[in-house]
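Colleague: Take a look and give me a structure for this.
(chains A, B, C and D)
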2 protein chains.
Amino acid sequence: MACMSGSSAASPRPSASADRARRPGGRSARVQSAVFSAVGQLVGSGQRDTMTIPEVAEVAGVNPTSIYRRWGSIETLLGEVAVAALTQGEPLPDTGVLDDDLAEWSRIIAADIGRPKRRAYLRAMVFARNDVVEECPCWEIRREQAEEMVGRAAQRGEATPSVRQILDHVIAPLYHHAVFGLALDDTYAETLTADVMRMTESGSASR
Amino acid sequence: MACMSGSSAASPRPSASADRARRPGGRSARVQSAVFSAVGQLVGSGQRDTMTIPEVAEVAGVNPTSIYRRWGSIETLLGEVAVAALTQGEPLPDTGVLDDDLAEWSRIIAADIGRPKRRAYLRAMVFARNDVVEECPCWEIRREQAEEMVGRAAQRGEATPSVRQILDHVIAPLYHHAVFGLALDDTYAETLTADVMRMTESGSASR
DNA sequence: CTCCTAAAGCAAAGCCATTTGCGTTAGATT
DNA sequence: AATCTAACGCAAATGGCTTTGCTTTAGGAG
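Modeller: As a prediction, this is how the structure comes out:
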């Protein structure tokens, strides 16, 4: 969550997730759920790229004031929803060969973040972040997944690229393309994984 | 320029660069110059991340209406300025060895886009783009530079990675880090170029 | 030099996000 | 069950972005 801290961190209002624990009762949760799904609807509809708090409140059926007091700005809200949406993982491929695992994994990710709705979320994340951060849940998830696949391959005795290389040379290019609106298809995803597999120490393919 | 076409492409107003040629006389150019440098000032000051048209007009000493009629929205304007700012190139390294050329080149780029002002421009570019495009001047510049360096290396008989690999595995990760506010330093830039140099057919370093 | 008109300036209107004070609701606590 | 209070709803006020019709300026053409 620290990933999404916007510029409003210095504002008198608490960071929206700090006071969430103070009274996480039914009504608060209900409002938050309604607001989150309203944002999801509006992002998904793709009607416009701009989204205002009164619009979200209208769809969610809550009072705009509630959103203003809890999140302060549309950027903060969008950022929070974006992280929530982007960190829910898909099942991890497990084909028995790292090469194929990576190819399938990158295809899944490309298809996922290539969708207009996910692209909107990613752009919202970019817009919501002003400061430099060390880590972000979105990439941590990918790191864990890469670690899992590489770990399995290492146990099988395969030569593997490092986790860092996978993040830098598969994940980063994919997200770069998504964010800047460049093409994203299976072929591109496979090309990236093929490249990264050639970075292994021995350079030997596993089959 | 087609790179920056926002969602306002369907609006009755011409695309701001199409009618620029109709009367590019002194006054229009003067206003555009004033507006562009005003945006530069405001982005550079880094006071806020949000910037309004009336603010820009105030700094530029022009009437807000003029900006509204020519650019329509702050996103369109910011996008245009961003492309103009991001496509002015630095001198290209020419050390005689591709390995060193790439390392120096990526260090320069990392230092460049790591600056807050450039990060602001990049974020503006992301924000201004809603649609998927084939190419963008910003990456085309990098492609041309990579082609130049790879071409020189090939003439020297060095084994080289492909231009696409350089764009995907050096440029994309660098910009990815810049846009999402992750760390950007010389070490990281060098790591990326070292990785990409190991993707050559033979995998042999040139020295 | 004179005319034409694209583009800028001006001013007023309106629209809408945002703020603010206060009353109300409903979890949480004892 | 009674009490407390965090969080929500309501409504009015505000401020500033945005639009719009018109006038004025000045680049470009004959």
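Colleague: how about low-confidence regions in chain A?
Modeller: A:1-25, A:47, A:201-207 (pLDDT under 70).
Colleague: what about the helices in it?
Modeller: Using DSSP state H, the helices of chain A run over residues A:26-45, A:53-60, A:64-71, A:74-86, A:98-114, A:116-128, A:137-155, A:163-166, A:172-179, A:186-197.
Colleague: Of all the ones you listed, which one comes closest to B:Y121?
Modeller: Comparison of the helices of chain A against B:Y121 by C-beta to C-beta identifies helix A:116-128 as nearest, at 12.4 Å. Backbone N, C-alpha and C define where each C-beta goes, glycine included.
Colleague: what's the offset of that closest one from the middle of its chain?
Modeller: Distance, stretch centre to chain centre, for helix A:116-128: 9 Å (C-alpha atoms, centre = their mean, to the nearest Å).
Colleague: Could you export the helices of chain A to CSV, including columns for mean neighbour count?
Modeller: Shown next, in CSV, are the helices of chain A (neighbours: other C-beta atoms under 10 Å in any protein chain shown):
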stretch, mean neighbour count
helix A:26-45, 16
helix A:53-60, 18
helix A:64-71, 17
helix A:74-86, 22
helix A:98-114, 20
helix A:116-128, 22
helix A:137-155, 17
helix A:163-166, 20
helix A:172-179, 25
helix A:186-197, 20
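Colleague: which residues touch the most centrally placed residue in chain A?
Modeller: Among the residues of chain A, the one closest to the centroid is A:L86, at 3.2 Å (C-alpha atoms, centre = their mean). Residues near A:L86 by C-beta atoms under 8 Å, 6 or more residues apart in numbering or on different chains: A:R118, A:Y121, A:L122, A:M125, A:P137, A:C138.
Colleague: Tell me the one of those nearest chain B?
Modeller: Taking C-beta to the nearest C-beta as the measure, chain B lies nearest A:M125 of the contacts of A:L86, at 7.3 Å.
Colleague: Starting from A:I109, give me the distance back to the closest residue to the closest one other than its chain neighbours.
Modeller: Leaving aside its chain neighbours, A:M125 sits nearest to A:A82 (4.6 Å; criterion: C-beta to C-beta, 6 or more residues apart in numbering or on different chains). In this view, A:A82 and A:I109 are 16 Å apart by C-beta to C-beta, to the nearest Å.
Colleague: Likewise for A:D195?
Modeller: Separation of A:D195 from A:I109 (C-beta to C-beta): 15 Å.
Colleague: try A:E90
Modeller: Applying C-beta to C-beta, the value for A:E90 to A:I109 is 8 Å.
Colleague: Check A:R30 too.
Modeller: Taking C-beta to C-beta, one finds A:R30 at 33 Å from A:I109.
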